[in-house]
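1. One predicted model, sequence on top.
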Amino acid sequence: MSTMAPAPAAHIKPSNDPLQLIDVDHVQFYVGNAKQAAFFYANCFGFTIDQVSDLSTGSRDAAHYLLTQGNIRLVLSTGLSAEHPAAMECALYGDGVKDVAFTVFDAEKAYDRAIKNGAMSAYEPRTYKDEHGTVTMAGIRTYGRACHSFVSRTGAYDLTNIKQGGIFKPRFKKVTGLSVNDFNAKHPCGLKYVDHLVGNVELGKMNYWVKWYEDVLEFKLFKHFDDKDISTEYSALMSKVMASGNHLIKMPINEPAEGKKKSQIEEYLDWHHHTPGVQHLALRTDDELHSIAALRARGVDFLTLPDAYYDLVWGRVNKMLKEHGHEAVREDHDAVKKLGILVDADEDGYLLQLFTKPLQDRPTLFFEIICRRGSQSFGKGNFKALFEALELEQERRGNL
Ligand code: FE2
């Protein structure tokens, strides 16, 4: 069993398939104040504040900060006037994910194919160009306020160069002299890449969006959980996981299911202008204990689980692993409990995961920190325990 987590993109060869996704190019957040948000993600999660595009680089309408860690690239964007779409969307939804952008071989061809497959355009192909190379981008709309950009790069803007610290796009410049960047280089949190990305859609719309990902992006259904799997006495959800052809990215889609009390999906929608959007971003680590300890030391607020969780989990997980001929969970059980980490297993192995509380004042977007030891699922066995913990949080917010 492999313990290191190779970036999925490593195996991809050039292809004629315009919808072959090479990598998650970046995830763009629309935020109220990118300059300040950059420090939150740097201080709490260990991201490097790598590059900036703002008035000083000739960006007159918006400020963008490129944050990097491993193969994760976040772009935090703030509009500089009330008319900028980022400003308008922040008023409606608060801070959150706007764009999950994919690197492709030819952005224009990928866009044309997606449109032919039935996508609605978010914006037409445009090329940013200077003497160093080009970045071509084109966007399609997905659920609610979210979109997918296709990005193709040439010259110095090739993704291989970006990964080695090259300039992200024309009108970006490197950020220098930040002590938080020096600190993070010496004290890494170990986050490697985006493992999966979950969307919340409206009641009754899950299958619509499953079909959309099949038709438009030519994804396949990966796993299916129904509301019997993921429910507590009071609230529930339904979830289906869509995977890109090469399994580069997995995108579970949630919809609320009927429960006695308000589900976490409904709570999200209530505080997100009744509009679907990205619920959580799961970031992959090779060492869950190290990452969670580092993030806790930096003040990241994680969900807390009832103590009783650990009375049952080792029996459940190690039994499953033994049945399928896998070694038992090798991480120190006491350390796992002390750090409040969740554990789950399936026929392929196990995983360790933990969820943050919402990353902004509205109970909307959060992060998951995940480490896979063979398991390819999403922690189904934890959902009940997790939901009970989430409901406790919802109750504290008066939203149950
Ligand atoms: Fe997840």
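-> Noted; the coordinates are in hand. Values in this document were obtained by computation on a predicted structure and should not be read as measured data. Residues are numbered from 1 along each chain as shown.

2. Low-confidence bits of the protein, can you list those?
-> 1-15, 223-236, 260-261 (pLDDT under 70).

3. how's it carved up into domains?
-> As assigned by automatic domain parsing, the chain contains the domains 23-186, 191-397.

4. Torsion angles phi and psi at the residue in the chain sticking out farthest from the centre?
-> Residue farthest from the centre of the chain, counting by Cα atoms, centre = their mean, is E131 at 33.1 Å. Main-chain torsions, E131, degrees, to the nearest 10: phi -70, psi -10.

5. That one and the ion, how far apart?
-> Look at E131 and the ion: by Cβ to the ion, to the nearest Å, they are 42 Å apart. No exception for glycine: its C-beta is placed from N, CA and C like everyone else's.

6. Can you pull up the most central residue in this structure?
-> L281 (2.2 Å).

7. For the helix or strand harbouring that residue, name the packing helices and strands.
-> Element membership for L281, per DSSP states H and E: strand 277-285. Using 3 or more Cβ pairs under 8 Å, 6 or more residues apart in numbering; DSSP states H and E as the contact test, the elements touching strand 277-285 are strand 96-103, strand 191-200, helix 264-270, strand 366-373.

8. what's the following helix or strand after that strand?
-> Strand 277-285 is succeeded, C-terminally, by helix 288-297 (DSSP H and E).

9. Could you export the one helix or strand F40 maps to as PDB, CA atoms only?
-> F40 belongs to helix 34-45 when assigned by DSSP H and E. These are the backbone C-alpha positions of helix 34-45, laid out as PDB (Å, rounded to 0.1, in the frame of the first residue of the first chain):
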ATOM      1  CA  ALA A  34      -8.100  40.000  -0.100                       C
ATOM      2  CA  LYS A  35      -5.200  41.700   1.600                       C
ATOM      3  CA  GLN A  36      -6.500  40.700   5.100                       C
ATOM      4  CA  ALA A  37      -7.800  37.300   4.000                       C
ATOM      5  CA  ALA A  38      -4.400  36.400   2.700                       C
ATOM      6  CA  PHE A  39      -3.000  36.800   6.200                       C
ATOM      7  CA  PHE A  40      -5.700  34.600   7.700                       C
ATOM      8  CA  TYR A  41      -5.000  31.700   5.300                       C
ATOM      9  CA  ALA A  42      -1.200  32.200   5.700                       C
ATOM     10  CA  ASN A  43      -1.200  32.400   9.500                       C
ATOM     11  CA  CYS A  44      -3.900  29.700  10.200                       C
ATOM     12  CA  PHE A  45      -3.200  27.200   7.300                       C
END
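
10. How about it, which residues are buried there?
-> 34, 37-38, 40-45 (16 or more other Cβ atoms under 10 Å).

11. swap in stretch 72-84?
-> Buried, per 16+ other Cβ under 10 Å, within stretch 72-84: 72-79, 84.

12. I would like the residues contacting that stretch, please.
-> 24-35, 37-38, 41, 47, 55, 60-68, 85-88, 90, 98, 162, 168, 191-194, 283 (Cβ atoms under 8 Å, 6 or more residues apart in numbering).

13. want to throw the domains of the chain into a markdown table with distance to N16?
-> Below are the domains of the chain laid out as a markdown table (distance: least, Cβ to Cβ, whole Å):
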| stretch | distance to N16 |
| --- | --- |
| domain 23-186 | 8 |
| domain 191-397 | 13 |
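
14. quick one, helices of the protein?
-> For the chain, the helices defined by DSSP state H occupy 34-45, 85-93, 107-116, 159-163, 179-186, 206-215, 264-270, 288-297, 309-323, 333-338, 383-396.

15. and those as CSV, adding distance to the ion?
-> Output for these, formatted as CSV (distance: least, Cβ to the ion, whole Å):
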stretch, distance to the ion
helix 34-45, 16
helix 85-93, 20
helix 107-116, 25
helix 159-163, 25
helix 179-186, 24
helix 206-215, 16
helix 264-270, 13
helix 288-297, 14
helix 309-323, 17
helix 333-338, 18
helix 383-396, 10
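
16. Out of those, flag the one nearest I140.
-> When the helices of the chain are compared by Cβ to Cβ, helix 107-116 sits nearest I140, at 5.0 Å.

17. Pull the distance from the closest one to the chain's centre.
-> 24 Å (Cα atoms, centre = their mean, to the nearest Å).

18. Could you do stretch 131-151 as well?
-> 17 Å.

19. Mind listing what's buried along that stretch?
-> Neighbour count says stretch 131-151 has 133-140, 142-151 buried, by 16+ other Cβ under 10 Å.

20. you'd agree V151 is up against V135?
-> Yes: V151 is within contact range of V135, at 6.5 Å (criterion: Cβ atoms under 8 Å).

21. got a list of what G381 touches?
-> 316-317, 344-345.

22. who wins for most neighbours among these?
-> A345 (28 neighbours; other Cβ atoms under 10 Å).

23. gap between it and the ion?
-> Counting by Cβ to the ion - A345 and the ion are separated by 16 Å.

24. mind checking how far that residue is from N200?
-> 26 Å (Cβ to Cβ, to the nearest Å).

25. Could you do I292 as well?
-> 25 Å.

26. Enumerate the residues of this protein near the ion.
-> Residues of the chain found near the ion (Cβ under 5 Å from the ion) are 282, 368.

27. give me that answer again for 6 Å
-> 196, 198, 280, 282, 368, 378 (Cβ under 6 Å from the ion).

28. Quick one: residues contacting the second one.
-> Right, V198. Contacts of V198 (Cβ under 8 Å, 6+ apart): 239, 251-254, 278-282.

29. The fourth one now?
-> Residues counted as contacts of A282 (Cβ under 8 Å, 6+ apart) are 194-198, 353, 367-370.

30. And for D361?
-> G94.

31. Would you list the phi and psi of it?
-> phi -60, psi -40.

32. Alright, that wraps it up for me.
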